[in-house]
Every structure is written in structure tokens, then in C-alpha cells.
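K.L.:
Okay, sequence plus prediction incoming.
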Amino acid sequence: MSIEVIVLAAGKGSRMRTHLPKVLHKIGGKTLLDNVLDTAKKLNPSNIHIIYGFGGAEVRKNTLGEYNWVEQTSLLGTGHAVMQALPSCNDESMVVTLLGDMPLLRIESLEEIVKITENNEGISVLTAKVLNPFGLGRIVRNSNNDVQKIVEEKDCSESEKNITEINTGVFVGKAKLFKELLAKVDNNNNQKEYYLTDIVAIANSLNIKVNGVVASCAEECMGINDKVQLAQAERFYQQRLCTEYMQKGLIIADPNRLDIRGNLTFGANTFVDVNVIIEGNVELGDDVVIGAGCVLKDCSISNGSVISPYTVIESSKIGEKATLGPFARFRPGCVLENNVHVGNFVEVKKSTLKNGTKSGHLSYLGDSIIGENVNIGAGTITCNYDGANKWQTIIGDDVFVGSDTQLVAPVEVGKGATIGAGTTVTKNVPENALVITRAPTRVISAWSRPTKKK
Ligand code: UD1
Ligand code: CA
């Protein structure tokens, strides 16, 4: 059967207290809407309709992919929102409604409710049993446990307020049934809105079957209305990912102190310490150690590498058995071969460091190609920028760069050359040469320092 998904994303999200449309807030580095859409796509629907309204241009600009965008010009409620998409739905399609502020929903729950609807016909509503139902639509069941109606918080009687089974906002049924039921919804309620939830009572009055499907995990049904719920949802999301990764073998020091905002892959026996942030696509090999507080974005780190605390790596490729940090920074475009060491307070940008090269302390290596087994002394700077253009530094294999060296690019140092400490290299150095630009040391005996004026 063909499935069509309708995602409601037109609301402003006033309770967020910001100009940013609610569905553009992020969970796991991805907008609420993209989270919902990624789950929706796993149903293989023939169409995904997105109802947009508030901040429409911004929402569309930040949501890439093929969708049927349907504008809701006045926000008259969730029922009204769904009605906007129905004319583009095939009567025989199975329609699934999703709320754009429900990013944690799992595909398993969606598949289950679709299957139940196919088997039982009628319409289905996904419900959840929660500890605190405040603010949510309550599921009213009769003595046979059939779902009778859904009552919104603002329309609840005192006894209905005690009901802890709530509406998640996910409804499933044939498009033609949605059309028939929604045509009968009015706005006679405390919010003067056309509620999607009213289709339940209307279906009952027409003897159309209503299936109440309780979600196995209440957290996944959480709707995000304010910043407190946003932070709670982020934690649930992270815990869920960490559980999955730990089951696949990743060693995580504390799953409450790891943030994954993208995709992580890893090999065997790899360890991630506390307060690490993973962004974009990050690949870790076998036996990798990521120290506390590291930030890794779009990078790969090969087998046996140890990244010490507070190292930041962006858009770079790190080979095997590297020892990096603590406090090292890799900006985009770095390629490190195997057995490279980069220590504290070294910044590397758009540079290649070949096998066995070391830069232990306090240096800047930018726009450079550095050969094998090179030793970069403390305080070495590649002067890559002349105020207008960027230039390259090329250093051959086995070069020894003394401490406090400046390499004024463009410049090339041949294999096996030695650069004396404190040298400013302004021209190319041949292989195996010594280059030094150091003023001779003068020693003056019995030197008397100036004294302070009285
Ligand atoms: C809604 C449900 C409530 C349910 C809760 C679950 C209704 C009437 N209420 O309440 O039963 O327990 O979700 O989280 O359905 N939207 C539009 N157009 C509109 C109004 C809303 O597109 O005219 C969108 C919003 O952008 C949002 C979603 O629908 O993504 C839900 O709207 P929201 O105002 O958050 O509904 P709740 O009050 O949370
Ligand atoms: Ca909501």
C-alpha cells in the first residue's frame, strides 16, 4: 500500500521565545524537522507533504530534499493544517501525520501503527503513557478500553486532567477517511482552533474503528515546545545513540557526557573519554583513544592513534599511531601519515605531515608539506601570509628545524638540512646544508644594570 506522510511544521513555537521557527531548533546537530523527515523517509512513502507557515522561507531554505511544500497561510490548528495537504493525497493512500516538533520518534513505532491500521482498518492514534501529562491531549477510553475521544488540556474537565495516556499527534488512516472526518471538525473549543484530535470522537460517532496504539517508549513521543524540553530531548537522543554504540563495542567513559552531532563510525577497542563532541562525519579506527574534551568534526583517525585531551580536529585525516595533543588544533585540510606526533599548542592548517614527523610544542604549520621524520622545534612558525596572498612551505625528509624558526613562504628546505635555532629562513635551503641567521652571542663581564632614579 502506498504511504503518504504529512508533517506539521507551520507553528511559530511561541514557547521557544525566539525568532527562530521552532522546527529549526536542533537535536543531535540536526533540525527537529530533519530528524522527523529522516524517520519518515524510512517508511518509503510515495510522498512527504510538509505544512509550513511561520518563518516559511527560512524553514524551506534549511530543509534540503524533495518534498511537497504546502503553505498554511493562517494557523488555524492541527486539523486545519492536515486539511491543507489532503487535496494532494491519493484517496487510497495510507496517510501518516507527524508533528514537526517530535524528533525522537522511532521508525519501529511508525511501522507498527501502520501495520495495525492496515489489519484493522479505521484510523489509529499513537498514544503514550507519561508521568506528567500537563499541556497534552488526553486519551479518553471507555469501559471496554476503546478510545472515545481526545481532550486538549485547555478543554479538560478536572477528572480528565488526571488521565496520563496522551496523544502523540501521530494518526494513521486512509486519505479518504481523513478527508471525510476532517470535513466535520469545527473550532468550538477554548482555543478556537480546528483540532486534528477531534477526528477521534467524529470517527466513533460514525462507527468507524479507532485503534489506540500505545508506544513502547514514552520518551520517543515527546513534543518539544520550550527550551527545557529541547535540552531533555537532546539527552534522550544522546543516551539512545550511546547505548547503540556501546552495544556495538565502543567504550564510552560516561554516556551522559558525550555529544554526537552527526555520524560516528568506529573499530574495535576504541575509547572515548568524557565531554567529547563529535560533529559531521567522524571515522575512528581500532584501538583509538579520544581524550577528554576533544572536538572532532568531519575527520578520520586511524588505528592506534591517541588523541590527548582538548584537541580540536576539523576536516582532516589522521593516520595510524598518531599521538596528538593535549591542546593541539588541526584546521581543515590536514593529512597526517603514520606515527606523527603533534603536541601542545601546535596549530596545523592545510598541511601534510609525513611518516614519523614530530612537532612537539607551540608552533604554527600552515600551507605546508613536511616530509618524513622531520623534527619541528618549539616555536616554529610558517609565515604563510604576506598580507595579501598565502604561500607554501615545503620541508624535505629528515630535516631538523631548530626552535624559534620562521619559514618565510614561499620557501623550500631540502632533505636532511639543519636549521639553527632562531633562524628566519627567507630563501631555499639545499639538501644537507646548515642554515642559520643568528647574531653572534656577546658576553660582557661584570655588567652593571641601570639603577632606579631616586
Ligand atoms: C498537539 C496536540 C496534542 C498532543 C501534542 C503532542 C492538537 C490539537 N493537539 O498539541 O493533543 O498531545 O501535540 O505533542 O493536535 N501546527 C501547524 N499548524 C497549526 C498548528 C500547529 O502546522 O495551525 C504544527 C506545529 O508547527 C507543531 C505541531 O503542529 O509542529 C503541533 O502543534 P503544537 O502547537 O505544538 O501542538 P500542542 O499544543 O503541542
Ligand atoms: Ca507540541
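P.N.:
Received the coordinates, thanks. Ligands and ions are numbered 1, 2, ... in the order given.
K.L.:
Now do the SS call for the closest residue to Asn225 other than its chain neighbours.
P.N.:
Excluding its sequence neighbours, the residue lying closest to Asn225 (Cβ to Cβ, 6 or more residues apart in numbering) is Arg15, at 4.6 Å. No exception for glycine: its C-beta is placed from N, CA and C like everyone else's. Under the three-state scheme (DSSP: H, G, I helix; E, B strand; the rest coil), Arg15 adopts helix.
K.L.:
What does the pLDDT read for Arg15?
P.N.:
At Arg15, the model reports a pLDDT of 95.
K.L.:
likewise Lys454?
P.N.:
89.
K.L.:
Can you give me the neighbour number for the residue in the stretch 301-450 of the chain that ligand 1 sits nearest to?
P.N.:
Closest to ligand 1 within the stretch 301-450 of the chain is Glu314: 33.3 Å, counting by Cβ to the nearest ligand atom. For Glu314, the neighbour count with other Cβ atoms under 10 Å is 18.
K.L.:
give me every residue that touches it.
P.N.:
Contact analysis of Glu314 by Cβ atoms under 8 Å, 6 or more residues apart in numbering lists Lys297, Asp298, Cys299, Phe330, Arg331, Pro332.
K.L.:
Report the separation between the closest residue in space to the fifth one that isn't next to it in sequence and Pro326.
P.N.:
Just to be clear, that refers to Arg331. With sequence-adjacent residues excluded and distances taken as Cβ to Cβ, 6+ apart, Arg331 is closest to Lys349, at 4.0 Å. From Lys349 across to Pro326, the span is 19 Å (Cβ to Cβ, to the nearest Å).
K.L.:
and the gap between the closest residue to ligand 2 within the chain and Gly100?
P.N.:
For the chain, the residue closest to ligand 2 is Gly223, as judged by Cβ to the ion, at 3.5 Å. For Gly223, the distance to Gly100 equals 10 Å [Cβ to Cβ].
K.L.:
again with Ile278
P.N.:
Ile278 is 25 Å from Gly100, by Cβ to Cβ.
K.L.:
give me every residue that touches the residue of the stretch 151-300 of the chain found nearest ligand 1.
P.N.:
In the stretch 151-300 of the chain, the residue that lies nearest ligand 1 is Gly223 (2.6 Å; Cβ to the nearest ligand atom). Gly223 makes contact with Leu99, Asp101, Met102, Leu136, Thr168, Gly169, Gln229, according to Cβ under 8 Å, 6+ apart.
K.L.:
who wins for neighbours among the residues you listed?
P.N.:
Most neighbours among the contacts of Gly223, by other Cβ under 10 Å: Thr168, with 27 neighbours.
K.L.:
my guess is it meets Ser124, correct?
P.N.:
No - contact criterion Cβ atoms under 8 Å: Thr168 and Ser124 do not qualify, at 11.1 Å.
K.L.:
Which residues of this protein lie near ligand 2?
P.N.:
Where the chain comes near ligand 2, counting by Cβ under 5 Å from the ion, the residues are Asp101, Gly223, Asn225.
K.L.:
Not counting sequence-adjacent ones, nearest residue to Val130?
P.N.:
Ala218 (5.1 Å).
K.L.:
hang on, that neighbour packs against Lys129?
P.N.:
Yes - Ala218 lies in contact with Lys129 (Cβ under 8 Å); the separation is 6.1 Å.
K.L.:
So between these two, which is more surrounded?
P.N.:
Higher neighbour count among Ala218 and Lys129: Ala218, with 17 against 14, using other Cβ under 10 Å.
K.L.:
how near is whichever residue of the chain sits closest to ligand 1 to Asp226?
P.N.:
Across the chain, the shortest distance to ligand 1 (Cβ to the nearest ligand atom) belongs to Gly137, at 2.2 Å. Gly137 is 17 Å from Asp226, where distance means Cβ to Cβ.
K.L.:
Looking at those two, which is more packed in?
P.N.:
Set side by side, Gly137 and Asp226 show more neighbours around Gly137, with 26 against 15, by other Cβ under 10 Å.
K.L.:
of Ile278 and Gly100, who's got more company?
P.N.:
Neighbours were counted for Ile278 and for Gly100 using other Cβ under 10 Å; Gly100 has more, 31 against 25.
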